[in-house]
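# My questions are about this predicted structure, shown below with the sequence.
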Amino acid sequence: ASRCGRGRKSRNVNMSRLLSADWIKTHANKRAFRTSSAPTSPKMRVEETKKTENQHHNREIIVASWNLACPNNNPFEFWSMHNDPDYDALMASVQDCIDNPEGSPNIPIDQVFTQPMYDDLRSEMARHGVGELDLLDGEWSRHLRSRRCISEFLKDASFGDKRLISMPDRLTNTLKTCEGKVIHRPSPISGCVERMDSVEGWWPLWREYMFATRISIRGQVQASPCAIIPSLRRGKYPALTEQEERMSRPLQVLCLAVFDAVYTHLLTSVAPTTWQPLKKALYASNFHNKASACVSVLRNQYGKADVIFVQEASEAFAARAGVCLRHHVLRPTGIDGRRSQMSLILVKKKALCAGSAVDVTHEV
């Protein structure tokens, strides 16, 4: 369901299969290894090691590719096989609301994310020096607040085309405090375990996280998650209007707040007592040990590969792969760390010489 309104198409069911460690191990041959674009794909030149006289110089190179989607920590991103009938009931109810939105959950946005909440949000952004708030006021009052929250917001693909929800979600979903503690944005699509029994109970948690939590990114202290949300450029996202480009920072914050509020409203409407325990269990099962599970798949199923291209990898995966695999881990240069992801090239130590690798991304 999180894919609705974020510009990514989903097959039939919006809350589709959950990618668990067991699912990865079972289906790696069918799905996991495929060519995928990556945001910071390093292109490397690597020389083969010297071969003995008995070796063939033109032997085949075994290559694999896997998009790990490590920035995604959404417990409801995929539909999982689950023993609890409450899980299937939850998923089916959400699916029905998405497919047939006419009903009680599909109310105007300002009945979910209320005017006082908008006023709080605006005040917090002003306090943090976010500009173009007058433009945002017009967008809220004339265009956004009266939209139906499912049929005219979640199902409006233009929000995805403009990256107004997916960009700030990816940047703020999971972060670390200055003390090194992992924290999650209060949202149905994060690993947050704090109680969110209503939108009214969710809002103070969200506001505290986004505006009053100091974070650390690659050793650099940031005042809050709000501070790391960048402006969006029409050159990269042409669906944006000129005015949306000007106010893209506050507009992303507003759209993200509305998105989290709407999903909290939706889930508390269809499964008020079950969605939070299910979410907590799913997250614990499928994300706490994701890096080690992925490394295990590579070691046990694809250890013979000479080169493995990995997209959207986490630091945890890169560190574990360097210790547990018989491959050099080649990292790209110049990544900023804000998105908690990188592209890697894993090079088999016996086949190729990592010392001769040169990052030529800047040349292409």
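On my side now, so go ahead.
# In the stretch 51-200 of the chain, what residue spans correspond to helices?
85-99, 115-127, 133-139, 158-161, 166-172, 199-212 (DSSP state H, counting those that start in this stretch).
# out of those, deepest packed?
Scoring these by mean neighbour count under mean count of other C-beta atoms under 10 Å gives helix 166-172 as the most buried, with a mean of 23. Where you see a C-beta, it was placed from the backbone N, CA and C, and this is true even at glycine.
# thinking again about what came up before, so which of the helices of the stretch 51-200 of the chain is nearest Ile229?
Taking C-beta to C-beta, helix 166-172 is the member of the helices of the stretch 51-200 of the chain nearest to Ile229, at 5.0 Å.
# Which neighbouring elements make contact with that closest one?
The contact analysis (3 or more C-beta pairs under 8 Å, 6 or more residues apart in numbering; DSSP states H and E) places helix 166-172 against helix 248-270.
# what pLDDT, on average, does the helix it packs on get?
For helix 248-270, mean pLDDT is 98.
# what angle do that helix and helix 85-99 make?
On the basis of axes from the mean of the first three to the mean of the last three C-alpha atoms, to 10 degrees, helix 248-270 is oriented at 120 degrees to helix 85-99.
# now the angle between helix 199-212 and helix 248-270, please.
Orientation note: helix 248-270 sits at an angle of 150 degrees relative to helix 199-212 (the same axes, to 10 degrees).
# I'd like the distance from the helix or strand following helix 248-270 to the chain centre, please.
Using DSSP states H and E, the helix or strand that follows helix 248-270 in sequence is helix 275-287. Put simply, helix 275-287 sits 16 Å off its chain's centre (C-alpha atoms, centre = their mean, to the nearest Å).
# what does the average pLDDT come to for helix 275-287?
Averaged across helix 275-287, the pLDDT comes to 90.
# In contact with Trp140: list those residues for me.
118, 254 (C-beta atoms under 8 Å, 6 or more residues apart in numbering).
# would you turn the helices of the stretch 51-200 of the chain into TSV with distance to Asp260?
Shown next, in TSV, are the helices of the stretch 51-200 of the chain (distance: least, C-beta to C-beta, whole Å):
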stretch	distance to Asp260
helix 85-99	15
helix 115-127	11
helix 133-139	17
helix 158-161	13
helix 166-172	9
helix 199-212	6
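# To Ile62, which of these lies closest?
helix 166-172 (32.1 Å).
# So for Arg234, which of the helices of the stretch 51-200 of the chain sits nearest?
Closest of the helices of the stretch 51-200 of the chain to Arg234 is helix 158-161, at 11.7 Å (criterion: C-beta to C-beta).
# and the gap between Glu245 and Ser231?
Here Glu245 is placed at a distance of 7 Å from Ser231 (C-beta to C-beta, to the nearest Å).
# Ignore what I typed, I meant Val262.
Per C-beta to C-beta, Val262 is found 24 Å from Ser231.
# Tell me which of those two has more neighbours.
Val262 (25 against 13; other C-beta atoms under 10 Å).
# quick one, what contacts the more buried one?
Val262 neighbours (C-beta under 8 Å, 6+ apart): 109, 112-113, 149-150, 153-154.
# ok, the closest residue to Ala227 other than its chain neighbours - how many residues close by?
Of all residues not flanking Ala227 in the chain, His128 sits nearest, at 6.6 Å (C-beta to C-beta, 6 or more residues apart in numbering). His128 has 16 neighbouring residues, counting by other C-beta under 10 Å.
# Repeat that for Ala64.
By other C-beta under 10 Å, 19 other residues sit near Ala64.
# Phi and psi next, for the nearest residue to Ser269 once chain neighbours are set aside.
Leaving aside its chain neighbours, Ser269 sits nearest to Pro105 (4.7 Å; criterion: C-beta to C-beta, 6+ apart). The phi/psi pair for Pro105 (degrees, to the nearest 10) reads phi -70, psi -20.
# residues touching the closest residue to Lys304 other than its chain neighbours, list them.
Nearest non-adjacent residue to Lys304, counting by C-beta to C-beta, 6+ apart: Ile62, 5.9 Å away. Ile62 is in contact with 304-307, counting by C-beta under 8 Å, 6+ apart.
# So, low pLDDT: which residues of the chain?
Scanning the chain for pLDDT under 70 picks out 1-58, 71, 334-340, 354.
# at 80 instead, please
Where the chain drops to pLDDT under 80, the residues are 1-59, 69-72, 103, 218, 333-341, 351-356, 361-362, 364.
# where exactly do the strands run in it?
44-45, 63-67, 174-176, 182-184, 215-217, 220-222, 307-313, 327-330, 342-348, 358-359 (DSSP state E).
# can you tell me which residues contact Pro204?
Shown in contact with Pro204 (C-beta under 8 Å, 6+ apart): no residues.
# just Val307 next, same as before
Listed by C-beta under 8 Å, 6+ apart, the contact set of Val307 reads 46, 61-64, 345-348, 352.
# Weed out the non-buried ones from those residues.
46, 64, 345-348, 352 (16 or more other C-beta atoms under 10 Å).
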